[in-house]
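> Any chance you can model this:
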Amino acid sequence: MRNEIVHSDITVVGGGLAGVCAAVAAARLGRKVALIQNRPVLGGNSSSEVRVWVCGATAHGVNRYARETGIMGEMFVENQYRNPDGNPYLWDLVVLETVLAEPGITLYLNTDVHEVEAEGEEDARQIRSITGWMMGSERRIRFESPVFLDCTGDGLVGFLAGAKYRIGREARHEYGEEWAPEVADDITLGSTLLFYTKDAGHPVKFVPPSFAKDITQTPIPMKRVIRSGDSGCHYWWIEWGGELDIVHDNERIRDELSAVIYGVWDYIKNSGKFDAENMTLEWVGSLPGKREYRRFIGDYTLTQNDIIGQKPFDDRIAFGGWSIDLHPPQGMYATVSGSKHMHADGNYHIPFRSLYSANVSNLLFAGRNISATHVAFGTTRVMATCATIGEAAGTAAALCVDKGVTPRELSQNDTPLLLQTLLKQDASVLELVNEDTEDLARQAKVSASSFLSTLAVESADEAYLLERDVALLLPADPAIRGNIEWLLDASQDTELTVEVWSTGRPENYVPAALEYQTTVQVATGDGQWVAIALDWTPAEAQNAFIIVRRNPLIRLYLSHTPLTGLLAFERGTAASVSKDLEDHDDSQPVVEWSMKGLVRKIFCLRTDFGTNTYRPEHILDGYKRPYGGPHTWLSKPMAQDAQPWIKLEWENEQPIREIHLIFNDDVNEDLINLHHHRTPFEVIPELVKNYRIDMLDPAGNWSTLVTETDNRRRKRVHCLETPVQAIAIRLVVEETNGSGYAEVIEVRVYG
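As a prediction, this is how the structure comes out:
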């Protein structure tokens, strides 16, 4: 046996997406990080060992402008480029290379932590070290650092350190949660095994193993969706163990899940009810994907009411948007729906106080073990949300080391620093505004070669019969006062009713309050532009949700050329899912008004009033995500402005060392790591592809500082070898990845 001691600034235990993002975030802030994973690959439940879709705030396209940015967003976008078909092994590589790209991280795979040395009384403990065994290498490694992160999912490190935690469901009276049971219990969500199938191109027989479950003797065929062409996460409902101890009964749970998988496949292959003669098993999981176990107690416990009420915490460090998604204790054997879902009206916020232990002073946690009730955990548990929490926890850990404070002290004294650091790193936070005093761009005057000043989408690619209510999200900046013309056909004389609704919260994209309504007469005729006068001036710039009421005598037209800031919706067209499998309340606004069938499509319209939505000043307004508007600069179409530019200019010369750029990568596009759906392009079209950065020196001469080609990333940081003295810099967009406009969200400059 080899005994080793590793000294780091931060020790992260758990190599799922939460742990990966925590380690990367801390390393990017200059900290030395030990990342420990007890499996041979990174990625946790998303890895090729388990193969779960990385779900997050988009909720498979339910929420608008919800895809994560930061480290998780980088991996989504990179995976789309490298792996558009969702190969699980290529996803492993994306995650691994994200870690290996950071020289500050030392990675310890196949290392199982089994000892924690902690000291102090029950309410004031501190971790001194953890010890792990590296399987296959016979190395016993002791890890020492001032700060530890438990990203294990099951919460083993915190448990061994004596951190306070909870398992199971809280009673309803504890937090006043509608979905909590009357009496607290130890019930959790179950674990799942998945399998992959493929068409072999020739007949393939299947002889079931002796242990295969005869599912005809269970409720499964009657209560769950079974199809021969499905595989992977379509069978998420093969779930069991919620009434057992998910950890200590792990082997028993795995065996039961395995028996049901082979029983399901026997049913598909040999029952005669399916067209499956040429189908064969390609892969069967052997590692149960756990959903729930310990949830630690922090200084704040996130609840159902916080989620549904979208509570705007002062220390919000991440957001989520997946529904509260709870499953019956009996899992696949339940006679009720396999899941029930409650949606907020938009994305919700997660506080930093839920990310550190209430009684272990140097312990942070991220992932499914954060301080949340069982009901709230039903949404925070999904992996992309866990990843954003991980980035926040890793960022906080780095600041704790830098300042020599505990996470609680950081929370009490330096929350603004944490939030601004997250914002600078492009982490997934909503509503926060750049207040960085070191950002020279905030003192600059901004101008551009052009900007888009009118809203118009005129290329008609598809007729759309108005059989249901539809809607268009449109920025009201500063107002919607004037005519909106709609391109339409009318089979006979009729009328068209249009309404303007406000959306309530700036982070929401649903109708909240009726602001204006009008009805106009429409004459018989095809291909006509019909003007409708609207009049709404909100107190501040925000989005308008414009509803066009159903009229089967009318056909609108859809354009397949999207425009940033505009979204189209249909009412009552959410994907039909068996109520035996998923129970959604279709009256919830984000479900009732769906954009899934209209991805990257817009109803043809034109306006006769101007808009400030895309002015160049938006690159300095402090926002990095859509929030009551897109907060981005759009040039005029590049057919009119061939090489659009945006310029920052100062009264006095500035020493410039770093330039940070945020390009638009359309966070409304629902990317996925594996096989839920296929996005047709490898690079987000709105991203700038080729660009250069020029500087104007004090003598009045322009020169080029940076030239970049084939860009496919949202955030770019350009560090100059030596500082330059400049009175202006200019970003020139030479080509995009498909958009007809130059689209830039933010420019920062540092000396």
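> so Asp402, which of the three states?
Secondary structure, DSSP: H, G, I helix; E, B strand; the rest coil: Asp402 is helix.
> Could you measure from it over to Ala26?
Here Asp402 is placed at a distance of 10 Å from Ala26 (C-beta to C-beta, to the nearest Å). C-betas here are computed from N, CA, C, even on glycine.
> Look at the two and report which has more neighbours.
Ala26 (33 against 14; other C-beta atoms under 10 Å).
> so where is this protein shaky, pLDDT-wise?
574-580 (pLDDT under 70).
> mind redoing it with 90?
1, 222-223, 228-230, 573-587, 675-678 (pLDDT under 90).
> Can you give me the buried ones in the lengthiest strand in it?
Longest strand in the chain, counting residues (DSSP state E): strand 715-736. Within strand 715-736, the residues scored as buried using 16 or more other C-beta atoms under 10 Å are 715-716, 724, 726-736.
> List the neighbouring strands of that strand plus their orientation.
Applying DSSP bridges to the sheet, strand 715-736 is found paired with strand 645-663 (antiparallel), strand 688-696 (antiparallel).
> Off-centre distance for it?
29 Å (C-alpha atoms, centre = their mean, to the nearest Å).
> Then stretch 131-139?
Counting by C-alpha atoms, centre = their mean, stretch 131-139 is centred 35 Å from the centre of its parent chain.
> What is the end-to-end distance of that stretch?
End-to-end distance of stretch 131-139 (C-alpha to C-alpha, to the nearest Å): 10 Å.
> next one: stretch 140-159
20 Å.
> Is Glu435 in a helix, a strand, or coil?
Applying three-state DSSP: Glu435 is coil.
> One more: the one 3 residues further on?
Per three-state DSSP, the secondary structure class of Glu438 is coil.
> The residue nearest to it when sequence neighbours are not counted: neighbour count?
Excluding the flanking residues, the one nearest Glu438 by C-beta to C-beta, 6 or more residues apart in numbering is Tyr750, at 5.9 Å. Tyr750: 19 surrounding residues under other C-beta under 10 Å.
> And the next helix or strand past the longest strand of the chain?
strand 743-750 (DSSP states H and E).
> give me the element Thr500 is part of.
For residue 500 the amino acid is Val, not Thr. Using DSSP H and E, Val500 sits in strand 494-502.
> Buried residues of that strand, list them for me.
496, 498-502.
> and that strand, which strands flank it?
According to DSSP bridges, strand 494-502 forms sheet pairs with strand 513-522 (antiparallel), strand 542-548 (antiparallel).
> what does the first one contact?
Residues outside strand 513-522 that contact it (C-beta atoms under 8 Å, 6 or more residues apart in numbering) are 488, 490, 493-502, 504, 530-536, 538, 544, 554.
> try it again with 7 Å
Strand 513-522 has contacts (C-beta atoms under 7 Å, 6 or more residues apart in numbering) with 490, 494-502, 530, 532-536, 554.
> Trp236 contacts Gly190, doesn't it?
No: here Trp236 does not reach Gly190: they are 10.5 Å apart, not a contact under C-beta atoms under 7 Å.
> Give me the more crowded residue out of the two.
Gly190 (29 against 18).
> residue contacts, that one?
239-242, 291, 327, 331 are the contacts of Gly190 under C-beta under 7 Å, 6+ apart.
> at 10 Å instead, please
Counting by C-beta atoms under 10 Å, 6 or more residues apart in numbering, Gly190 touches 237-244, 246, 253, 256-257, 288-292, 327-332, 334.
> same question, Asn701
Met695.
> cool, and Pro685?
561-562, 600, 664-666, 669, 736-740, 743.
> So Pro203: helix, strand or coil?
Following three-state DSSP, the label given to Pro203 is coil.
> Pull up the gap between it and Lys269, please.
11 Å.
> In terms of neighbours, single out the busier of these two.
Lys269 (21 against 9).
> Quick check: chain neighbours aside, which residue is closest to that one?
Using C-beta to C-beta, 6+ apart, the nearest residue to Lys269 is Phe206, at 4.2 Å.
> before we move on, which element is the one you found in?
Here Phe206 is assigned to no helix or strand, by DSSP H and E.
> What of the one 3 residues further on?
In the assignment (DSSP H and E), Pro209 maps to no helix and no strand.
> ok now do it, which residues does it touch?
Counting by C-beta under 10 Å, 6+ apart, Pro209 touches 258-259, 262-263, 266.
> May I ask which two of these are separated the most?
Ser258 and Asp266 (12.6 Å; C-beta to C-beta).
> which neighbours do these two share?
209, 212-213.
> got those residues as CSV, with distance to Pro88 columns?
Formatted as CSV, the shared contacts of Ser258 and Asp266 follow (distance: C-beta to C-beta, whole Å):
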residue, distance to Pro88
Pro209, 24
Ala212, 25
Lys213, 26
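> Leu156: which of those is nearest?
Of the shared contacts of Ser258 and Asp266, the one sitting nearest to Leu156 (C-beta to C-beta) turns out to be Lys213, at 30.7 Å.
> which SS class is Val95?
helix.
> Distance of it relative to Asn673?
According to C-beta to C-beta, Val95 and Asn673 sit 9 Å apart.
> who touches both of the two?
17, 43, 46, 54, 75, 79.
> The first one: what's its closest spatial neighbour, skipping adjacent residues?
I take that to be Leu17. Here the residue nearest Leu17, using C-beta to C-beta, 6+ apart, is Ala387, at 4.0 Å.
> how about that neighbour, what does it touch?
16-22, 24, 44, 46, 54, 56, 68, 70-73, 75-76, 318, 366-367, 428.
> Then Pro637?
Contact partners of Pro637, counting by C-beta under 10 Å, 6+ apart, are 450, 452, 644, 739-742.
> Next, the angle strand 743-750 makes with the longest strand of the chain.
On the basis of axes from the mean of the first three to the mean of the last three C-alpha atoms, to 10 degrees, strand 715-736 is oriented at 140 degrees to strand 743-750.
> from now on call the first residue 26
Sure thing, new numbering starts at 26, so read that last one as strand 740-761.
> Using CSV, list the CA coordinates for strand 740-761.
C-alpha atoms of strand 740-761 as CSV (Å, rounded to 0.1, in the frame of the first residue of the first chain):
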residue,chain,number,x,y,z
LYS,A,740,-17.7,34.0,-23.8
ARG,A,741,-14.3,35.0,-25.1
VAL,A,742,-11.5,36.5,-23.0
HIS,A,743,-8.6,38.1,-24.8
CYS,A,744,-5.5,38.7,-22.6
LEU,A,745,-2.9,41.0,-24.2
GLU,A,746,0.7,40.1,-23.6
THR,A,747,1.5,43.7,-22.6
PRO,A,748,-1.0,46.4,-21.8
VAL,A,749,-1.8,49.0,-24.4
GLN,A,750,-2.8,52.6,-24.1
ALA,A,751,-6.0,53.3,-26.0
ILE,A,752,-8.7,56.0,-26.1
ALA,A,753,-11.0,53.6,-28.0
ILE,A,754,-11.5,50.0,-28.9
ARG,A,755,-13.7,48.7,-31.7
LEU,A,756,-15.2,45.2,-32.1
VAL,A,757,-15.7,44.5,-35.8
VAL,A,758,-17.9,41.6,-36.8
GLU,A,759,-16.8,40.1,-40.1
GLU,A,760,-19.0,37.0,-40.2
THR,A,761,-21.6,35.2,-38.1
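> contacting residues for the nearest residue to Leu588 once chain neighbours are set aside?
Using C-beta to C-beta, 6+ apart and skipping residues adjacent in sequence, the residue nearest Leu588 is Val482, 5.6 Å away. Taking C-beta under 10 Å, 6+ apart, we find Val482 in contact with 497, 512, 582-584, 586-588, 591, 593, 626-632.
> let's see it at 8 Å
Per C-beta under 8 Å, 6+ apart, neighbours of Val482: 584, 586, 588, 591, 627-631.
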